[in-house]
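Asker: 3D model of this:
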Amino acid sequence: MKLVNPENKTEQEECRKNTRRTPTLKTGKVSSIKNEATIRSYIDKCLELVQEHKEYLMYVASYEPTIEPEMQDFLDNNLLEGKSPKIYVTQPGRTNYMVDIITEKDHIWKAIDSQISDEDIDKLEGELNVILPLSYKSYLKYKHFYEIFWDIDVFLYPKPIHSWDKILIEENQEMQEEILDEGYFAIGRYSDHGVIVLKLTDDENKEGGVFFFDCETQEVKVLEPTFTEFLNQILHNPKPVLQELKSWEKKMYKME
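Answerer: Below is the predicted model:
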């Protein structure tokens with residue numbers, strides 16, 4: 001421990017400054033690092049999942065907007081040999097859903113490093129007259145991708161390199177009265193009947209929570225107090241698994 005001479009005012013003042021300053025910086029830095037790690041872990045694990053089954057989970061259908069050039073990828077056709085044309089995506093506690101295998105008309109995508117800047121986010125906030133929390137801004141600035149997931153009920157909106165902002169603007173303006181005008185910001189869909197929203201505040205350093213908006217009843221239900229805790233809780237779910245259709249289902253779909 002360093003002793004301070006009471007007669008030395010300069011030394012006393014410097015000591016007080018250091019005492020006041022250090023804990024604040026340390027706490028803020030640790031919190032920021034933790035949030036960043038959670039965001040990256042969520043995105044990376046989701047990407048690993050879809051890449052593992054890219055013939056089912058990592059393509060854009062031919063009837064949807066074309067993949068942006070920087071994100072186009074190729075698929076080895078050998079991966080399709082012996083694969084079922086339809087398969088279930090399953091997860092405990094969730095309703096299974098069926099996906100089709102990629103066809104020659106569909107397009108494989110790849111994730112790339114994010115090109116989203118603070119200025120781009122400022123422009124988005126100005127367009128919609130909102131203030132987004134820092135945690136969600138960090139999410140926007142980590143990688144571009146199309147549809148990824150870990151909880152099979154939760155799909156955050158895609159982030160293509162040239163149209164991520166247009167997607168967010170369109171999704172929020174589509175439900176302007178129900179969501180945006182009520183102080184919420186849509187960030188994804190929940191199953192087939194709801195929207196995942198952030199409760200907005202007047203400060204990017206504050207979080208209002210993550211909520212589920214029921215499109216049928218227009219009720220709002222709290223999910224988690226912060227965006228990063230929302231992602232963290234999703235990662236506690238078991239990994240989704242692909243499961244073959246039952247024999248009678250294969251006959252119904254003329255797969256046998």
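Asker: what's near enough to touch residue 242?
Answerer: Listed by Cβ atoms under 8 Å, 6 or more residues apart in numbering, the contact set of residue 242 reads 53, 56, 87-90. Yep, even glycine has a C-beta here, placed from its N, CA and C like the rest.
Asker: which of those count as buried?
Answerer: Of the members of these, the ones counted as buried by neighbours, 16 or more other Cβ atoms under 10 Å, are 53, 56, 87-89.
Asker: mind putting the residues you listed into JSON lines with secondary structure and distance to residue 212?
Answerer: Conversion of the buried ones among the contacts of residue 242 to JSON lines gives the following (DSSP: H, G, I helix; E, B strand; the rest coil; distance: Cβ to Cβ, whole Å):
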{"residue": "53", "secondary structure": "coil", "distance to residue 212": "27"}
{"residue": "56", "secondary structure": "helix", "distance to residue 212": "27"}
{"residue": "87", "secondary structure": "strand", "distance to residue 212": "28"}
{"residue": "88", "secondary structure": "strand", "distance to residue 212": "24"}
{"residue": "89", "secondary structure": "strand", "distance to residue 212": "20"}
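Asker: and the furthest pair within these?
Answerer: Maximum pairwise distance among the buried ones among the contacts of residue 242 (Cβ to Cβ): 11.7 Å, between 53 and 88.
Asker: all strands of the stretch 101-250 of the chain, in order?
Answerer: In order along the chain, the stretch 101-250 of the chain carries the following strands (DSSP state E, counting those that start in this stretch): 107-108, 154-156, 184-190, 194-199, 210-214, 220-224, 241-243.
Asker: what's the most buried one of these?
Answerer: Highest mean neighbour count among the strands of the stretch 101-250 of the chain (mean count of other Cβ atoms under 10 Å): strand 194-199, with a mean of 22.
Asker: how many other residues sit next to the nearest residue to residue 253 once chain neighbours are set aside?
Answerer: Nearest residue to residue 253, sequence neighbours excluded (Cβ to Cβ, 6 or more residues apart in numbering): residue 86, at 5.9 Å. When neighbours are counted by other Cβ atoms under 10 Å, residue 86 registers 15.
Asker: need the contact list for residue 86.
Answerer: Neighbouring residues of residue 86 by Cβ under 8 Å, 6+ apart: 98-101, 245, 253, 255.
Asker: bridged to it, which residues?
Answerer: Taking DSSP bridges, one finds residue 100 as the beta-bridge partners of residue 86.
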